[in-house]
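1. just the structure for this:
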Amino acid sequence: MAKLPITMACGPYDRMEALSTGVVQPEGIDLRYISIQSPPEIFARMIKTRSFDVAEMSTAHYFISRIRGDFPYVAIPVFPSRAFRHGFVFINRNAGIETARDLEGKRVGVQEYRQTAGVWVRGILQDEFSVDLNTLKWFEGGVNTPRTEDEDMDLRPTKDLSITVIPNDKTLNEMLEAGDIDAYFGARRPDALHNGQNVARLLPNYRELEKAYYQKTGIHPIMHTLVIREELFNEHPWMAESLFKACEQSKSWAIEQMRFSGAQRFMLPWLHDEIEEMQALMGANAWAYGVEPNRQTLETFMKHLVDQHFLAKAEPIDDYFTPIISWSE
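-> Residues are numbered from 1 along each chain as shown. Just a heads-up that it's a prediction; the model follows:
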């Protein structure tokens, strides 16, 4: 029987390398892996032109759109992009911001208000630092280059917030350096952090704080998931588990390559020390797939979406991922 031809678009990640090179072959699937560096490009092409059968997708966009309705994609509980976010809060040194609570009432830049990274940062500031998010004035636009994204990709909160879209010839990086906004946070570091004079991190000890946050909550923030075109999944429901197993195998292969001690695979001088530190803090399955190992993270993110006025109420997480049967010999 011929294998099912599937096109999958995802980033050039180490955990996906074995899939992209064919070292791992999903059962029953002839996989064409399209490696694209820019996640927003993948999201837009999947949503606007349905260019792929399977694609990496913003977790925020998936939950908001799927729950609001008319989003013909269903997620596999695979999470190709995760990142701690305490280190992605940047301030103008002259804005009078010494603590997180000093953000209240300030002008804050975001790439897109709906962006998953921004949702996580706001949630962390609210839950861990008691920041009243309703007092902030938001400025939306491109970070280091002007914004070019189509407005029809946008998802707005249901509450009327102070959100100003900056002119197309401006960037948040320039505005933060000039003091036209007081702070910025999101997925990308502003260039002025390194080549400007006035930009700094709000939380310079972010790595220590992120470790403490993980020890307290067990949360390693999820940025992206994988989605399948819904009609394709309905026709071939087995493909979700086949892809899930293959993603697990690809991740295991990547960890094995990373651990090889004869020569370092990546240009990180203390790579093996970092691996040991990661395992000591997060256990053997530091980059877990599946709903159950990530339930706390996913439910917390759902709470953030409610708190930030994207959703009316939290929905059951299990309803939004394909079922996966765990099996061991």
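2. any idea which residue is closest to the centre of this structure?
-> residue 223 (1.5 Å; CA atoms, centre = their mean).
3. how about the secondary structure of that residue?
-> strand (DSSP: H, G, I helix; E, B strand; the rest coil).
4. near the residue nearest to it when sequence neighbours are not counted, how many other residues are there?
-> Of all residues not flanking residue 223 in the chain, residue 81 sits nearest, at 4.0 Å (CB to CB, 6 or more residues apart in numbering). C-beta coordinates here come from the backbone N, C-alpha and C atoms, glycine included. Close neighbours of residue 81, defined as other CB atoms under 10 Å, add up to 20.
5. go on, residue 39?
-> Neighbour count of residue 39, defined by other CB under 10 Å: 21.
6. now do residue 302
-> When neighbours are defined as other CB under 10 Å, residue 302 has 21 of them.
7. touching, residue 46 and residue 72? I think so.
-> No - Residue 46 lies out of contact with residue 72 (CB atoms under 8 Å); the separation is 10.5 Å.
8. hmm, back to that, can you pull the contacts of the residue nearest to residue 223?
-> Applying CB atoms under 8 Å, 6 or more residues apart in numbering, we find residue 81 in contact with 11, 13, 39, 56, 222-224.
9. can you name the next helix or strand after the helix or strand harbouring it?
-> Assessed by DSSP states H and E, residue 81 sits inside strand 73-82. Next along the chain after strand 73-82, taking DSSP H and E as the criterion, comes strand 89-92.
10. what packs against that next one?
-> helix 172-178, strand 183-185, strand 199-201 (3 or more CB pairs under 8 Å, 6 or more residues apart in numbering; DSSP states H and E).
11. so which of the ones you listed gets nearest residue 322?
-> Closest to residue 322 of the helices and strands packed on strand 89-92, according to CB to CB: strand 183-185, at 32.1 Å.
12. what's in contact with the closest one?
-> Defining contact as CB under 8 Å, 6+ apart, one finds that strand 183-185 is touched by 85, 88-92, 95, 97, 103, 106-110, 117-118, 121, 143, 172-173, 176, 190, 202.
13. now that strand, how far from the chain's geometric center?
-> Remark: strand 183-185 is offset 17 Å from the chain centroid, using CA atoms, centre = their mean, to the nearest Å.
14. what are the pairing partners of it, and which direction each?
-> strand 89-92 (antiparallel), strand 107-110 (parallel) (DSSP bridges).
15. and that strand, what's its mean pLDDT?
-> Mean pLDDT, computed over strand 183-185, is 97.
16. now the element after it, going C-ward?
-> Once strand 183-185 ends, the next helix or strand along the chain (criterion: DSSP H and E) is helix 192-195.
17. elements contacting that following helix?
-> Checking 3+ CB pairs under 8 Å, 6+ apart, helix 192-195 ends up next to helix 172-178, strand 199-201.
18. so for that helix, what gets flagged as buried?
-> Residues of helix 192-195 classed as buried by neighbour count (16 or more other CB atoms under 10 Å): residue 192.
19. please apply the same query to stretch 286-297.
-> For stretch 286-297, the neighbour count (16+ other CB under 10 Å) marks 287-291, 294, 297 as buried.
20. of all the helices and strands packed on strand 89-92, which one is nearest residue 245?
-> Nearest of the helices and strands packed on strand 89-92 to residue 245, taken as CB to CB: strand 183-185 at 36.3 Å.
21. list of residues touching stretch 230-245?
-> Outside stretch 230-245, the residues within contact range by CB under 8 Å, 6+ apart are 4, 6, 8, 26-29, 53-54, 72-74, 76-78, 226, 228, 289-290, 322-325.
22. and the residues you listed, which are buried?
-> The neighbour-count criterion (16+ other CB under 10 Å) marks 4, 6, 8, 26, 29, 53-54, 73-74, 76-78, 226, 228, 289-290, 322, 324 among the contacts of stretch 230-245 as buried.
23. narrow these to those in strands?
-> Using DSSP state E, the subset of the buried ones among the contacts of stretch 230-245 located in strands is 4, 6, 8, 29, 54, 73-74, 76-78, 226, 228.
24. identify the farthest-apart pair in the buried residues of stretch 286-297.
-> Taking CB to CB, the two most distant members of the buried residues of stretch 286-297 are 287 and 291; they sit 14.9 Å apart.
25. picking that back up, with pLDDT added, can I get the ones in strands among the buried ones among the contacts of stretch 230-245 in TSV?
-> Formatted as TSV, these follow (pLDDT from 0 to 100):
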residue	pLDDT
4	98
6	98
8	98
29	98
54	98
73	98
74	98
76	98
77	98
78	98
226	98
228	98
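26. and of the residues you listed, the nearest to residue 126?
-> Nearest to residue 126 among these, with distances taken as CB to CB, is residue 77, at 25.9 Å.
27. measure the closest one to residue 297 for me?
-> Distance of residue 77 to residue 297, computed by CB to CB, to the nearest Å: 11 Å.
28. what's the burial count for the nearest residue to residue 55 once chain neighbours are set aside?
-> Distance criterion CB to CB, 6+ apart; nearest residue to residue 55, sequence neighbours excluded, is residue 46 at 4.1 Å. A count of nearby residues for residue 46, using other CB under 10 Å, gives 21.
29. thanks again, I'm all set now.
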